[in-house]
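A.B. asks: Here is the input, now give the coordinates:
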Amino acid sequence: MSPRAAVFLDRDGTIVHDVNYLARPEQLKLISDAPDALSRLSAAGLPLIVITNQSGIGRGLLTEADFSVITTRLDEMLAAHGVTLTATYHCPDSPDVPAAVSCRKPGDAMHRRAAEEHGIDLQKSFYIGDKWRDVAPAVTHNAMGVLIPTPETSFGDLSRAKEDAVVATTLTAAVDRVLRMHASRS
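C.D. replies: Numbers count the residues shown, from 1 in each chain. So this is what the prediction gives:
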């Protein structure tokens, strides 16, 4: 099978509300348009892969087991809307781990691992998130990155995205852009 496009999505601030170091499943709240937007991507045949930095693990604020429980709960919440994520990858490193050895975004180690495990073409794929680090791998792979600004998005991230990626007001608007681009390739 030849490699295919996928959609790489940040979790916190993109699919669920960012609560800073999400450590308990009861803190999970889907962003209102996420189920419908993700469903539209799935209907188009695009694998949905969550790529998330989880420095709270490296900082001792939550455990790998906590992360696993939260991931299972998110999968259940999305399944209730008919959405299945293809995979979730996380990096537990804290920001003080040197970039040369860390799996953290904006590096693309998690993306490369997903590509290998799921037959993904990183150049044909789409990268969506609320911070520059979420869409930076799109630039690395000459692909489409879409930034969805939130109150936590810095002005620098927004400025950079306006130059090197696409800015969308909501996940729904980001998905509209992705689906247009994906259809134009078919």
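
A.B. asks: which SS state does I57 fall under?
C.D. replies: Using DSSP: H, G, I helix; E, B strand; the rest coil, the structure places I57 in helix.

A.B. asks: My guess is it contacts S68. True?
C.D. replies: No. The criterion here is Cβ atoms under 8 Å, and I57 misses it with S68 at 10.7 Å. Where C-beta positions appear, they are placed from N, C-alpha and C, glycine not excepted.

A.B. asks: ok, the two, which is more surrounded?
C.D. replies: Applying other Cβ atoms under 10 Å to I57 and S68 shows that I57 carries more neighbours, namely 21 against 12.

A.B. asks: which SSE is the residue nearest to A87 when sequence neighbours are not counted in?
C.D. replies: With Cβ to Cβ, 6 or more residues apart in numbering as the criterion, A87 has its nearest non-adjacent residue at 5.1 Å, and that residue is I49. Using DSSP states H and E, I49 falls within strand 48-53.

A.B. asks: For that strand, what is the distance to the chain centroid?
C.D. replies: Its chain's C-alpha centre lies 4 Å from the corresponding centre of strand 48-53 when counted by Cα atoms, centre = their mean, to the nearest Å.

A.B. asks: What are the buried residues along it?
C.D. replies: Neighbour counts over strand 48-53 (16 or more other Cβ atoms under 10 Å) mark L48, I49, V50, I51, T52, N53 as buried.
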